[in-house]
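*Asks:* Have a look; sequence and predicted model below, questions after that.
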Amino acid sequence: MKKKKIKQLKLFGDGQPLRELMYVDDLAEAIIHFMKIKSIESLINIGSGYEKKIKFYVNKINKLIDGINIEIKFDNNLKMNGTKRKILDCSLAKKYGWKPKYSFEFGLQKTYEYFLKNIVT
């Protein structure tokens, strides 16, 4: 966005819906964990258990990219909020000994570092 000199970013809705995010390394480790154990379950939800408002995530990202000076506007007229909540019940995964290791903040920082190193040229 800095390269394209974008000054404003419009996001759908009002930022109030809740979303669960998960760092990719947690997912990879969960897959390996469940490949190694025996379970009678045919479906096991994997998630972070960390649920926040979209607006919260936007503010965290905005702080991380401090200095780019992009105005973020939520536009409920552009598109509606969508589903109010998206979080998985991961109690079965915990029963089988798996839980996420990485915090949202760690995953966000690592993702941003990867983006700067590999995507931004």
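*Replies:* Sure, I can see it. Because the structure is predicted, anything quoted here is derived from the model rather than measured.

*Asks:* use CA for all of it now, contacts and neighbours both
*Replies:* OK.

*Asks:* which stretches of this protein form strands?
*Replies:* 8-12, 18-20, 51-53, 71-75, 85-86 (DSSP state E).

*Asks:* strands paired with the fourth one, and their directions?
*Replies:* Spelled out, it's strand 71-75. strand 8-12 (parallel) (DSSP bridges).

*Asks:* how far does the strand it pairs with sit from the chain's center?
*Replies:* With C-alpha atoms, centre = their mean, to the nearest Å as the basis, strand 8-12 stands 18 Å off its chain's centre.

*Asks:* what does the model give the residue most central in space within the chain for pLDDT?
*Replies:* Nearest to the geometric centre of the chain sits Leu21, at 3.1 Å (C-alpha atoms, centre = their mean). Model confidence at Leu21, given as pLDDT, is 96.

*Asks:* now swap in Asn69 and tell me
*Replies:* For Asn69, the model assigns a pLDDT of 70.

*Asks:* residue contacts, it?
*Replies:* Neighbour list for Asn69: Lys7 [criterion: C-alpha atoms under 8 Å, 6 or more residues apart in numbering].

*Asks:* returning to what we had before: which one of the strands of the chain lies nearest to Ala93?
*Replies:* The closest of these to Ala93 is strand 18-20. By C-alpha to C-alpha, the value is 15.8 Å.

*Asks:* Give the pairing partners of the closest one; include direction for each.
*Replies:* strand 51-53 (antiparallel), strand 85-86 (parallel).

*Asks:* gap between Tyr57 and Glu105?
*Replies:* Look at Tyr57 and Glu105: by C-alpha to C-alpha, to the nearest Å, they are 10 Å apart.

*Asks:* thinking the residue nearest to the centre of the chain is in contact with Tyr50, fair?
*Replies:* Yes: the pair Leu21 and Tyr50 qualifies as a contact (C-alpha atoms under 8 Å) at a distance of 6.7 Å.

*Asks:* So what's the predicted local confidence for the residue lying closest to Asn76 once chain neighbours are set aside?
*Replies:* With C-alpha to C-alpha, 6 or more residues apart in numbering as the criterion, Asn76 has its nearest non-adjacent residue at 4.0 Å, and that residue is Gly13. The per-residue pLDDT reported for Gly13 equals 91.
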